[in-house]
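J.: just a sequence and a predicted model for now, questions to come.
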Amino acid sequence: MIRRKQALALVAGGAIATGAVFVAAGTASTPSNPVLTGVPTPNTKSDGFAPASKLSPELSQIAVAQGSTKLENTSNLTSYYGYDNDSLNSAGEPVMVPTATNPTEAHKTEPDKNTYLTFNTGLTGADAGYDYGSHFLFQGHEGGTQTNCTNPVGSIACSYITRINLDADAAHRVTLMATQDKDGNALATIDGSTWDPWARKLIYTTENAGAPTYAQGANFGDKVSDISGALGRGGYEGIQDDGDGDLWIVEDIGGSNKGATTARRPNSFVYRYVPDHPGDLAHGKLQVLQVLNSSSQPITFESEATLNNPDQVALHTYGNTFTTKWVTIHDTSVDGTTPFNANTLAKTPLATHAGNVGTPFKRPENGNFRPGSDFKQFFFDETGDTNASSPENDTAGGWGSVMKLSQHDPSANTGTLSLFYKADGAHAAFDNTTFLSKNIVAFVQDAGDGLHTSLNALDSGYTLDVTRDYSVASNQPVRWLAEGRDPSATLDGSATPTGFGKNDGDNEITGVFVSDGDPSIDGVLGNHTPNLYNDRWRWFYTQQHGDNPTYEVILAGRG
């Protein structure tokens, strides 16, 4: 149930391919535990090879939009869902397939984290006379250029926000929601998103310490606000409400190499924004998670420069439990509302919060509350070093991990942290995550081109059962998706003609998201248990790079 910490403040102002479901064989098939047969192997990577994706046989998928879907309302910056207008052909269309006449492809914009919402009253769009229906999927775009945009944020590429109108026809399928904030500044590239039902706003994160954190309403024409005077700026990626109206933020900033090795220094933090009242995105405290070692001392950035630091090894060892504390690094009532760098303050806090330092992790990208846990269990992943030669792969989180944070309630100031899953080469570099049911959580990989080549394997999507002990070797993740590669994503690195592979890479799985779309306070993710056999609950993900399609995944037997 949603906890009411301030009762009076609760309301604020395609193509179809066969697919799969996941859970180990022999487990009962119920809404709590959908059974998915694992895909045996990932797709391999080789030059010019573009294999099709493979899904568990219990799953199918359909593209709800793709990069070449034209926006209903175009702009100078972009006219299509996945492309900028920086390289146009003689007809004024972006170059999606390089040719001898037009050898430079248009910049691909990489739609990222998906947020699904339903509004029974309907939302407006660019066509005032059109009924857009009730089901909508929102995303910011992670890639972009500075071509055709005004007032960019420093040297950061420009981006935009889109809304897929799931009930609409082709001409109205995708609405361009914004390319600028309310002050006319170009939007920076966006990564994460969530819906804050108290504020009635979508929150967008930018994974760039120099770029704003944004908020925007769900309706066409709603302005984008910079809210980083309260929430800060960082390598923010995952963001999620808890039952008390706090926002939990997971940061992804890579650290420097440890000496001459390929091991990276942990340089990312987990944050919690505690508003003065639920829905207040201008006034509140930003806190960082602090983990205490076996000597009851904080594990800090300063202590993590050495290779295989004992604290990091201990964090990535099954059976260890650590005490955690939330410590404040910024308070608008004391420190004001000027935008600030949260990553810096997590290492070196302001004098007003002296000693309040956070514990760094190896690129934790996303996290979610376990459904039905009353927001007492929060699972987040680390992507790790994404290098097969890292000397910390098997010891200190180089392959990545999944951590479990437990608290008596979401607003508690203390809790415990333990390793839930220690990754290996085959299951390295977990990125986005979502719960499919009370016990089954899905993770998708972002291993990157280098690790794909080293392991001869493209990315996969997996499920894990949070009731299982993964220190037992026989308990293994179940692969529900072996991602393929679009032909357009095989062009990268080609020497000729110039322009092939302008900004692309192997396809990446991102934006995996399961929700019933309830925009009310009661609908906060984690409050209700997903039931993918009920068609109210829907499952989406995006295949970045290449053709940039966004898919809906459908479980066999759904009503």
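T.: Arrived safely, thanks for sending.

J.: from here on, contacts and neighbour counts on C-alpha atoms
T.: Noted.

J.: quote the end-to-end distance of stretch 131-148.
T.: Taking Cα to Cα, to the nearest Å, stretch 131-148 runs 31 Å from one end to the other.

J.: got the buried residues for that stretch?
T.: Across stretch 131-148, burial judged by 16 or more other Cα atoms under 10 Å covers 132-147.

J.: narrow these to those in strands?
T.: Counting by DSSP state E, the part of these found in strands is H135, F136, L137, F138, Q139, G140, H141.

J.: gap between the fourth one and P349?
T.: When you say that, I think you mean F138. 34 Å.

J.: same question, L532
T.: For L532 relative to P349 (Cα to Cα), the value is 44 Å.

J.: again with I239
T.: Relative to P349, I239 is positioned 22 Å away (criterion: Cα to Cα).

J.: those two: which is more packed in?
T.: I239 (25 against 19; other Cα atoms under 10 Å).

J.: where's that one, which helix or strand?
T.: strand 236-241 (DSSP states H and E).

J.: put the alpha carbons of that strand into PDB.
T.: Output of strand 236-241 as PDB, limited to C-alpha atoms (Å, rounded to 0.1, in the frame of the first residue of the first chain):
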ATOM      1  CA  TYR A 236      21.500  10.400 -13.500                       C
ATOM      2  CA  GLU A 237      19.900   7.500 -15.300                       C
ATOM      3  CA  GLY A 238      17.300   5.400 -13.300                       C
ATOM      4  CA  ILE A 239      14.700   7.400 -11.400                       C
ATOM      5  CA  GLN A 240      11.700   6.000  -9.400                       C
ATOM      6  CA  ASP A 241       9.100   7.200  -6.900                       C
END
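
J.: what number of residues lie near I554?
T.: Other residues close to I554 by other Cα under 10 Å number 24.

J.: so which of the buried residues of stretch 131-148 comes closest to S333?
T.: Proximity of the buried residues of stretch 131-148 to S333 was ranked by Cα to Cα; the top entry is G140 with 30.5 Å.

J.: that closest one touches I164, doesn't it?
T.: No: judged on Cα atoms under 8 Å, G140 makes no contact with I164 at a distance of 11.3 Å.

J.: hmm, back to that, in TSV: the ones in strands among the buried residues of stretch 131-148, plus pLDDT and distance to T69.
T.: Shown next, in TSV, are these (pLDDT from 0 to 100; distance: Cα to Cα, whole Å):
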residue	pLDDT	distance to T69
H135	98	18
F136	98	16
L137	98	15
F138	98	15
Q139	98	15
G140	98	16
H141	97	14
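
J.: just name the closest of those to G232, please.
T.: G140 (18.4 Å).

J.: where does pLDDT dip in the stretch 401-550 of the chain?
T.: For the stretch 401-550 of the chain, applying pLDDT under 70 flags the ranges 492-503.

J.: cool, the chain as well?
T.: The low-confidence ranges in the chain, as defined by pLDDT under 70, are 1-32, 492-503, 559.

J.: look through it and tell me its longest helix.
T.: helix 448-455 (DSSP state H).

J.: next SSE after that one?
T.: For helix 448-455, the following helix or strand on the C-terminal side (DSSP H and E) is strand 460-465.

J.: and the helix or strand following that following strand, what does it pack against?
T.: Using DSSP H and E, the helix or strand that follows strand 460-465 in sequence is strand 478-482. Packing partners of strand 478-482 (3 or more Cα pairs under 8 Å, 6 or more residues apart in numbering; DSSP states H and E): strand 54-55, strand 460-465.

J.: out of these, nearest to G484?
T.: Per Cα to Cα, nearest to G484 of the helices and strands packed on strand 478-482: strand 54-55, 7.3 Å.

J.: partners of the closest one in the sheet?
T.: Strand 54-55 pairs in its sheet with strand 478-482 (antiparallel), by DSSP bridges.

J.: the partner strand to strand 460-465, inter-axis angle?
T.: Interaxial angle, strand 478-482 versus strand 460-465 (axes from the mean of the first three to the mean of the last three Cα atoms, to 10 degrees): 160 degrees.

J.: from the chain's centroid, how far away is strand 478-482?
T.: 18 Å (Cα atoms, centre = their mean, to the nearest Å).

J.: now do stretch 137-146
T.: With Cα atoms, centre = their mean, you get 13 Å for stretch 137-146.

J.: ok, residues contacting it?
T.: Stretch 137-146 is contacted from outside by 84, 86, 107-117, 152, 156-166, 189-193, 204, 206, using Cα atoms under 8 Å, 6 or more residues apart in numbering.

J.: could you export that stretch as PDB, CA atoms only?
T.: The C-alpha coordinates for stretch 137-146 follow below in PDB (Å, rounded to 0.1, in the frame of the first residue of the first chain):
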ATOM      1  CA  LEU A 137       4.300   5.800 -24.000                       C
ATOM      2  CA  PHE A 138       6.800   8.600 -23.300                       C
ATOM      3  CA  GLN A 139      10.600   8.700 -23.800                       C
ATOM      4  CA  GLY A 140      13.500  11.100 -24.000                       C
ATOM      5  CA  HIS A 141      16.200  10.700 -26.600                       C
ATOM      6  CA  GLU A 142      19.700   9.900 -25.500                       C
ATOM      7  CA  GLY A 143      21.500  10.900 -28.700                       C
ATOM      8  CA  GLY A 144      21.700  14.100 -30.800                       C
ATOM      9  CA  THR A 145      23.700  16.800 -32.400                       C
ATOM     10  CA  GLN A 146      23.900  20.600 -32.100                       C
END
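
J.: ok now the top strand by length along the chain, how far from the chain's centre?
T.: In terms of residue count, the longest strand belonging to the chain (DSSP E) is strand 321-331. In this view, strand 321-331 has its centroid 23 Å away from the chain centroid, taken as Cα atoms, centre = their mean.

J.: partners of the host helix or strand of W539 in the sheet?
T.: Assigned by DSSP H and E, W539 falls within strand 538-544. Applying DSSP bridges, strand 538-544 is found paired with strand 508-515 (antiparallel), strand 550-555 (antiparallel).

J.: any idea how far the closest residue in space to S460 that isn't next to it in sequence is from A426?
T.: Leaving aside its sequence neighbours, S460 sits nearest to A482 (Cα to Cα, 6 or more residues apart in numbering; 4.5 Å). Distance of A482 to A426, given as Cα to Cα: 12 Å.

J.: more neighbours, the two?
T.: Between A482 and A426, A482 has the larger neighbour count (other Cα under 10 Å), namely 26 against 13.

J.: residues contacting the more buried one?
T.: Contacts for A482 were tallied using Cα under 8 Å, 6+ apart; they are V39, T41, P42, N43, S53, K54, L55, L458, D459, S460, G461.

J.: packing partners for the strand holding I239?
T.: By 3+ Cα pairs under 8 Å, 6+ apart, strand 236-241 packs against strand 193-196, strand 247-251, strand 364-369.

J.: closest one of the contacts of A482 to G221?
T.: Nearest to G221 among the contacts of A482: G461, at 35.6 Å, using Cα to Cα.

J.: so what's the closest one up against?
T.: Going by Cα under 8 Å, 6+ apart, the list of residues near G461 reads A442, F443, V444, Q445, R479, W480, L481, A482, E483, I509.
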